[in-house]
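Novice: need a 3D model of the following:
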Amino acid sequence: MEDKQITRRNLIMFPLGTVGRDMVYNLVTSYLLSFVLFTHKLTAAQLTAITAIMVAARIFDALNDPVMGNIIERTRTRWGKFKPWLVIGILTTSVVIYLAFNVKLQGWAFVWFFGIIYFMYSITYTMHDISYWGMVPALSSDADTRNKYTSRATLFAGIGGTLAASLIPMLTAGENAIGGNAVTAYGRVALFIAILGPVFLAFTVFGVKEQRDCNEEPLPPISFRKIVGTITGNDQLMWIALIFLIQQIGNGIVMSGIGQTYIYVEFGYEGIFFTAFQMLGMIVTAFLMVFYPAISRRLDRKKLMGILMTVSFVGYLIMLVPGLFLPTGNIKFILITVGYMLANFGQYGFYLIMMISIMNTVEYNEYLHGTRDEGIVSSLRPFLTKMASALTIAIANISYLLFNIIEYTNGIASYEQAANSGDISGAEKAAAITSLLKNVQHSQTTALLLVMTVLPCALMFLSYVLYKKRYKLDEAEYDRICAELAERGA
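Specialist: Numbers count the residues shown, from 1 in each chain. Model (predicted):
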């Protein structure tokens, strides 16, 4: 029987820990490419190289994440197997993101630096990300309690992400940019978030008590055979990994930079526009974060996914039709934002369901093979998220090259650099960028809009079909497996 007092405390301290982590994640995932585009003049070859670096770093994570999960499984300390890596990971990540956003290099020198720092980020963030989410199965084996941990942690992750999403555009673009230009602004924002990451994770490190039965178990070997065997030997883990990857690619396209660039070239280079678009899109997900445990007791996951799919389809349609046919103005912006709210509501519901579905394969693994292998199983979620992030960035960069958006981002970067060096004033910079964006063609903005609506909707529908047909660990089957495991233990 789980200690209720410890559970109550854990349900507060565990979610608090991820607020700063997700500000870091949002900064890098949603704004690193924007920082590169709007503060550095890039040739097509240099942007292609940066795209290749991002994709290569995520392929590197294909080895790094499961290996890290295996290392966590072998960790035996007085503080457990998760917390040492939480501390090491978040401190090194803070150093890396500060350096990434405070470099003055340009051209190929910047590309080389970017390659080194981006690979470093992949390593350091993996340390604490796998450790954090890997703790969930070690906090409780009760399905309802695990839903609470997942939904609350996701809620606080959303709070961190929303704070970053709401502040970063306003503080880095337009008249409210810190220091009057994006170069200075991104550097200051990165420093602030680099401090908040460790501060918030301290709540988890010092306030959470997890099960530490692992210290009494023999050390599992470090081997690729073990990692590959755990993944390939669990058919439900294989299917949910594929489904999650497809859904995350669709879910991440808008925030890969495509959405921000579209808003800037269509409605003006002012951070407040993208802040409003993104904040309203994320705020609606708070309903699911808070009420998902209650909803999950009344609706099974597959039925809920059908409802969420319908909501998202309507949202994407509301984004697409006004975007294609209405003239630029407030009405068009409001309708596109409302459409994104609905689309993101459904996508976020899918994300919650996928998260829980991955975690439930831990018990299925124990049912099949007698071992839980939480670290390896949990390592798949961040790996898949990073892979999806890399692919969405590739989609964004290919779109910029195909639709010649890079011509305008390079122009903006030139004016930002000039303002940073004091060659022009903030007002002169703003006037020059406004004049530049008047040259963007309707066909270019339409192309961006199609990428951020039709493609995500199609990928979401594919993940829905595969989940219904291939994922078998529904609520009844999971409860049956847990009951049988309890009988074996007795």
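Novice: show me what contacts the residue nearest to residue 267 when sequence neighbours are not counted?
Specialist: Nearest non-adjacent residue to residue 267, counting by C-beta to C-beta, 6 or more residues apart in numbering: residue 273, 4.9 Å away. All C-beta spots, glycine's among them, are computed from the backbone N, C-alpha and C. Residue 273 sits next to 169, 263-264, 267, 333 when contact means C-beta atoms under 8 Å, 6 or more residues apart in numbering.
Novice: ramachandran angles for the closest residue in space to residue 326 that isn't next to it in sequence?
Specialist: Once flanking residues are discounted, residue 326 sits nearest to residue 332: 4.3 Å by C-beta to C-beta, 6+ apart. Dihedral angles of residue 332 (phi, psi; degrees, to the nearest 10) stand at phi -60, psi -40.
Novice: next, the contact list for residue 332, please.
Specialist: 322-323, 326.
Novice: mind listing residues that contact stretch 176-187?
Specialist: Here stretch 176-187 has contacts from 31, 35, 38-39, 101-102, 170-173, 188-189, 271-272, 416-417, 419-420, 425-426, 429, using C-beta under 8 Å, 6+ apart.
Novice: list only buried entries from those.
Specialist: 31, 35, 38-39, 101, 170-173, 188-189, 271-272, 416-417, 419-420, 429 (16 or more other C-beta atoms under 10 Å).
Novice: in helices, which of these fall?
Specialist: Cross-referencing those against helices under DSSP state H gives 31, 35, 38-39, 170-172, 188-189, 271-272, 416-417, 419-420, 429.
Novice: most widely separated two among these?
Specialist: 272 and 417 (22.7 Å; C-beta to C-beta).
Novice: show the low-confidence segments of this protein, by residue range.
Specialist: 1-2, 62-63, 75, 141-144, 146, 210-224, 226-227, 289, 375 (pLDDT under 70).
Novice: swap in 50 and give it another go.
Specialist: Along the chain, segments meeting pLDDT under 50 span 1.
Novice: residue 448 contacts residue 402, correct?
Specialist: No. Applying C-beta atoms under 8 Å, one finds residue 448 not in contact with residue 402, separated by 10.3 Å.
Novice: more neighbours, the two?
Specialist: For residue 448 versus residue 402, neighbours defined as other C-beta atoms under 10 Å are more numerous around residue 448 (23 against 12).
Novice: now do the shared contacts for residue 448 and residue 402.
Specialist: By C-beta under 8 Å, 6+ apart, no residue touches both residue 448 and residue 402.
Novice: closest one of the contacts of residue 332 to residue 442?
Specialist: Nearest to residue 442 out of these is residue 323 (C-beta to C-beta; 10.7 Å).
Novice: what residues does the helix or strand hosting that closest one touch?
Specialist: Per DSSP states H and E, residue 323 falls inside helix 301-325. Applying C-beta under 8 Å, 6+ apart, the contact partners of helix 301-325 are 295-296, 299, 331-332, 335-336, 338-347, 349-350, 353, 356-357, 446, 449-450, 452-454, 456-457, 460-461, 464, 467-468, 474-475.
Novice: gap between the two ends of stretch 245-265?
Specialist: Start-to-end span of stretch 245-265 (C-alpha to C-alpha, to the nearest Å) is 30 Å.
Novice: and the nearest residue to residue 353 once chain neighbours are set aside, how far from residue 473?
Specialist: In space, residue 353 comes closest to residue 301 once its chain neighbours are excluded; the distance is 5.1 Å by C-beta to C-beta, 6+ apart. With distances taken as C-beta to C-beta, to the nearest Å, residue 301 is found 9 Å from residue 473.
Novice: so what's the residue count around residue 44?
Specialist: Residues near residue 44, counting by other C-beta under 10 Å, number 12.
Novice: hang on, it packs against residue 401?
Specialist: Yes. Here residue 44 reaches residue 401: they are 5.9 Å apart, a contact under C-beta under 8 Å.
Novice: tabulate the contacts of residue 332 (CSV), appending distance to residue 80 and neighbour count.
Specialist: Output for the contacts of residue 332, formatted as CSV (distance: C-beta to C-beta, whole Å; neighbours: other C-beta atoms under 10 Å):
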residue, distance to residue 80, neighbour count
322, 52, 19
323, 50, 23
326, 56, 13
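Novice: and which of those is nearest to residue 393?
Specialist: Nearest member of the contacts of residue 332 to residue 393, counting by C-beta to C-beta, is residue 323, at 22.3 Å.
Novice: ranges for the helices of the stretch 251-400 of the chain?
Specialist: 258-267, 271-283, 285-296, 301-325, 330-359, 361-369, 374-402 (DSSP state H, counting those that start in this stretch).
Novice: tell me which of those helices lies nearest to residue 159.
Specialist: Residue 159 lies closest to helix 285-296 among the helices of the stretch 251-400 of the chain, at 8.3 Å (C-beta to C-beta).
Novice: closest one to residue 225 among the helices of the stretch 251-400 of the chain?
Specialist: Comparing the helices of the stretch 251-400 of the chain by C-beta to C-beta, helix 374-402 comes nearest, at 11.9 Å.
Novice: and that closest one, which residues are buried?
Specialist: For helix 374-402, burial by neighbour count (16+ other C-beta under 10 Å) applies to 374-397, 399-400.
Novice: now do it against helix 330-359, angle only.
Specialist: Helix 374-402 and helix 330-359 are oriented at 150 degrees to each other (axes from the mean of the first three to the mean of the last three C-alpha atoms, to 10 degrees).
Novice: what packs against the host helix or strand of residue 73?
Specialist: Applying DSSP H and E as the criterion places residue 73 in helix 44-74. If you count contacts as 3 or more C-beta pairs under 8 Å, 6 or more residues apart in numbering; DSSP states H and E, helix 44-74 packs onto helix 83-100, helix 107-134, helix 224-232, helix 374-402.
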